[in-house]
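S.K.: Curious how this folds, go ahead:
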Amino acid sequence: MTAFRPHPLLLNNFTHLKLLNTGNPTGLFAMSPHADNDPTVPNLAQIEQLRVRAADAEQLAAVRQASLEEIAGFAEDLRIQVADFIDDANTLFRAKPYPPKGLRYVTERMNLLADTMARVTAGYTHARSEDMEYPQIIDDLAAHGWVSRPDRELDGALPPVPLDELGNAHGYRRGFTRGSETLTLWFTGPEYLAYANSSTRCTLRTAADIRAAISD
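M.R.: Got it, this is the predicted structure:
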């Protein structure tokens, strides 16, 4: 009877596996000593970084979507006002001049809306993922008696904020008053803020701080 002789390839593979498992009595599937450098091994730190970036990008996309919807609302209001003005100019006031007071009222209203839309657009352009989220801010301001200052009267109407406190403030600046108190907010979206300043609490760095200043 011919004695069994393993094929040389099988013998070589068995020898290789035996060398890999030296000192590892648990089985043949030992980890390669070069696994840390294996490009196929997942890098958990990189995966976490990618997850955070994806979450930030998704949040920023949601902020910009809400901003576009609000700006679109301003644009539609302005379009309607301009269309009404053109219609009146070509019909009602063709036979007689437009009353000066009425003309001033209509044109100032359109100018105010256009100015607001321009400021909102410029402010919302600088939205960042780290901005503070405060979904109920407009409702809370109204519920606690805060009154919005007209946009065109905002500059210089509220106490100035020291430059060293502004930091990296950006966004659409709006002012609110309640009695002798003032609150200045920098919006980067309808429900997001980059910065806030209170006449009683100074710099407000979190949404919780802003909520407390509004509700007190």
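
S.K.: C-alpha coordinates for the longest strand along the chain, PDB please?
M.R.: Taking DSSP state E as the criterion, the chain has its longest strand at strand 181-189. Extracted C-alpha coordinates of strand 181-189, given in PDB (Å, rounded to 0.1, in the frame of the first residue of the first chain):
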ATOM      1  CA  GLU A 181     -34.800  96.200  28.700                       C
ATOM      2  CA  THR A 182     -33.300  95.600  25.200                       C
ATOM      3  CA  LEU A 183     -32.400  92.300  23.500                       C
ATOM      4  CA  THR A 184     -30.400  92.100  20.300                       C
ATOM      5  CA  LEU A 185     -30.300  88.900  18.400                       C
ATOM      6  CA  TRP A 186     -28.200  87.800  15.400                       C
ATOM      7  CA  PHE A 187     -30.300  85.300  13.300                       C
ATOM      8  CA  THR A 188     -28.700  82.900  10.800                       C
ATOM      9  CA  GLY A 189     -32.000  81.200  10.100                       C
END
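
S.K.: What residues of that strand count as buried?
M.R.: Within strand 181-189, the residues that count as buried by 16 or more other Cβ atoms under 10 Å are 182-189. Placement of C-beta: from N, CA and C, glycine included.

S.K.: So the chain: which segments form each domain?
M.R.: Listed by automatic domain parsing, the domain ranges of the chain are 50-124, 132-215.

S.K.: With distance to N43 and mean pLDDT added, can I get these in a markdown table?
M.R.: Formatted as a markdown table, the domains of the chain follow (distance: least, Cβ to Cβ, whole Å; pLDDT from 0 to 100):
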| stretch | distance to N43 | mean pLDDT |
| --- | --- | --- |
| domain 50-124 | 10 | 83 |
| domain 132-215 | 30 | 81 |
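
S.K.: Distance to R128 added to the buried residues of strand 181-189, as CSV?
M.R.: Below are the buried residues of strand 181-189 laid out as CSV (distance: Cβ to Cβ, whole Å):
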residue, distance to R128
T182, 25
L183, 21
T184, 19
L185, 16
W186, 11
F187, 13
T188, 7
G189, 10
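
S.K.: Out of those residues, which comes closest to H126?
M.R.: The shortest approach to H126 among the buried residues of strand 181-189 belongs to T188, at 6.1 Å (Cβ to Cβ).

S.K.: if I pick that closest one, what's in contact with it?
M.R.: By Cβ atoms under 8 Å, 6 or more residues apart in numbering, T188 lies in contact with 63, 67, 123-124, 126-128, 131, 170-172, 194.

S.K.: Could you do V147 as well?
M.R.: Contacts of V147 were listed using Cβ under 8 Å, 6+ apart, and they are 176-178.

S.K.: repeat that with 6 Å
M.R.: T177 (Cβ atoms under 6 Å, 6 or more residues apart in numbering).

S.K.: how about the helices in this protein?
M.R.: Counting by DSSP state H, one finds helices in the chain at the ranges 8-20, 44-90, 100-124, 137-143, 163-166, 207-215.

S.K.: With that, I have no additional questions.
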